[in-house]
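1. need a 3D model of the following:
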Amino acid sequence: AIVIVFDVNDVASLEHTRQWLADALKENDPSNVILFLVGSKKDLSTPAQYSLMEKDALKVAQEMQAEYWAVSSLTGENVRDFFFRVAALTFESSVLAELERSSARKIGDTVRISSNESDLYLSAPRKKPKCCQ
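-> All right, here's what the predicted structure looks like:
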């Protein structure tokens, strides 16, 4: 995954994203990446200011063929959801690539992923039971 981050309060930073993407693609296979354009510091802009910037950001994201996200690290808005999205898409891409490389498996085969955790999104550690069952 390539994540290009800009400040939603700074038009110049949005303009720089094209060059940052070009630089990143020099180091990565363009046919094998998932792109994200992320506007940060959303909490510092008014709804009206953000709305104007969002239109431009969506246009840039479409040109890049990137998924657009607006986040605030101060308030936490969309941060967790964004990282789960990156993890899910990169994991899926990795599994599909592994299936394609493996001669034993083919696309369409069942792949089982197991975990002892019933809630993989749980952020706090679970309490251990006080007794055995």
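
2. list the contacts of stretch 17-37.
-> Residues outside stretch 17-37 that contact it (Cβ atoms under 8 Å, 6 or more residues apart in numbering): 1-4, 6, 57, 60-61, 63-69, 82, 85-86, 89-90, 93, 97. All C-beta atoms are positioned from the backbone trio N, CA, C, and that covers glycine.

3. return the distance of it from the chain's centre.
-> 14 Å (Cα atoms, centre = their mean, to the nearest Å).

4. ends of it, how far apart?
-> End-to-end distance of stretch 17-37 (Cα to Cα, to the nearest Å): 8 Å.

5. now do the buried residues in that stretch.
-> Within stretch 17-37, the residues scored as buried using 16 or more other Cβ atoms under 10 Å are 17, 21, 33, 34, 35, 36, 37.

6. mind listing what's buried along stretch 43-55?
-> 45, 50, 53, 54.

7. and the residue nearest the centre of this structure?
-> Taking Cα atoms, centre = their mean, the centroid of the chain lies closest to residue 86, which sits 3.0 Å from it.

8. sorry, back to before: now, the buried residues of stretch 43-55 that are in helices?
-> Judged by DSSP state H, the buried residues of stretch 43-55 include 50, 53, 54 as members of helices.

9. and the longest helix along the chain, what's buried?
-> The longest helix of the chain (DSSP H) is helix 79-101. Under the neighbour-count criterion of 16+ other Cβ under 10 Å, helix 79-101 has 79, 82, 85, 86 buried.

10. now do that helix, average pLDDT.
-> Averaging pLDDT along helix 79-101 gives 90.

11. quick one: list the elements packing against that helix.
-> strand 35-40, strand 67-70 (3 or more Cβ pairs under 8 Å, 6 or more residues apart in numbering; DSSP states H and E).
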